[in-house]
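# following is a predicted model, sequence given first.
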Amino acid sequence: MSIDVNAMDLLPFRRDRGSLAMGIDEALLEARVEGSIGDLVRFYQFYPSAVTLGRFQRIDASVRRDVCEREGIDITRRTTGGGTVFHDAAGEITYAVIMAVPPDLDTITRSYERICSGLVAALDVLGIEAVFSPINDVVIGTKKISGSAQTRRRGILLQHGTLLYKTDIEQMARVLNVSSEKLSDKHVASLAERVTTIERERGTTSFEDVMDALHSGFSSILGDLAKSELPPEVIERAHELENAKYTDLTYILSR
């Protein structure tokens, strides 16, 4: 079932450093709250690879900073909650949905489920059977292939999340500080047993095929996606946020 909204804008695909990508998402949220733009979806990648901390995550409990420095992986902190995420520049795609919250998506759980259904539908296009796993994951069997995070301001939500299509899981395991207790809670011995990727599930898959599937999957949930552009004033504001917040060590190390 589609969300009852007008056609949503589809912004151009981008590859950005993590601090700027987070600045763009927040600048778009601000612009939507102000009413200067409409509802939208965008897809992007982090370049270079990066780690994003959830708004309330403790950095030293979540990420191995020495490994990140050695392997050239940036670290920033999201404005959304949720856990710590490794974004592989060569193997992960991030989506962001910014929209007014309709009455039937008044709860966080409902909105997570509806928007993540776009990922489930995209994977179905690729012949992969996935399901939404509350509160904010998409899984194949017992393995996670996507996680999402959300924040809301004045009736507008920003939800962004990952899709692992050929993520280097060994590098992910080196970078993220996943406790043995957390793995035990999931009844697995290693991170490799907890997560999966599109290529692990169906073999070599082109980036273009994944993007086509994402467009199809999100269209089936959000309605028609109308190609649009990123407004210059949003880019300007994104750079301001990047400099003032997303590269600021006081903010990044705030937990």
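Yes, it's here. Residues are numbered from 1 along each chain as shown.
# chain center to the helix or strand harbouring Tyr95, what's the gap?
If you go by DSSP states H and E, Tyr95 is part of strand 92-100. With C-alpha atoms, centre = their mean, to the nearest Å as the basis, strand 92-100 stands 6 Å off its chain's centre.
# and after that strand, which helix or strand comes next?
The helix or strand immediately downstream of strand 92-100 is helix 108-125, counting by DSSP H and E.
# after that next one comes which helix or strand?
Proceeding N to C from helix 108-125, the next assigned helix or strand is strand 131-133, under DSSP H and E.
# picking that back up, just the angle for the strand holding Tyr95 relative to helix 108-125, thanks.
Interaxial angle, strand 92-100 versus helix 108-125 (axes from the mean of the first three to the mean of the last three C-alpha atoms, to 10 degrees): 130 degrees.
# may I have the strands that pair with strand 92-100, each with its orientation?
With DSSP bridges as the test, strand 92-100 is paired with strand 40-46 (antiparallel), strand 156-164 (antiparallel).
# export the first one to CSV, keeping only CA atoms.
The reference is to strand 40-46. Listed next in CSV are the C-alpha coordinates belonging to strand 40-46 (Å, rounded to 0.1, in the frame of the first residue of the first chain):
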residue,chain,number,x,y,z
LEU,A,40,11.6,13.6,-1.0
VAL,A,41,13.8,10.5,-1.2
ARG,A,42,17.5,10.3,-2.0
PHE,A,43,20.1,7.6,-2.4
TYR,A,44,23.8,8.2,-1.8
GLN,A,45,27.2,6.6,-0.9
PHE,A,46,29.9,7.7,1.6
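# which other residues reach it?
Strand 40-46 is contacted by residues 8-18, 21, 24, 28, 32, 74, 87-89, 92-99, 211, 214, 218, 222, 225, 228 when judged by C-beta atoms under 8 Å, 6 or more residues apart in numbering. Placement of C-beta: from N, CA and C, glycine included.
# now the buried members of those residues.
Among those, those classed as buried by 16 or more other C-beta atoms under 10 Å are 8-11, 16-18, 21, 24, 28, 32, 74, 87-89, 92-99, 214, 218, 222, 225, 228.
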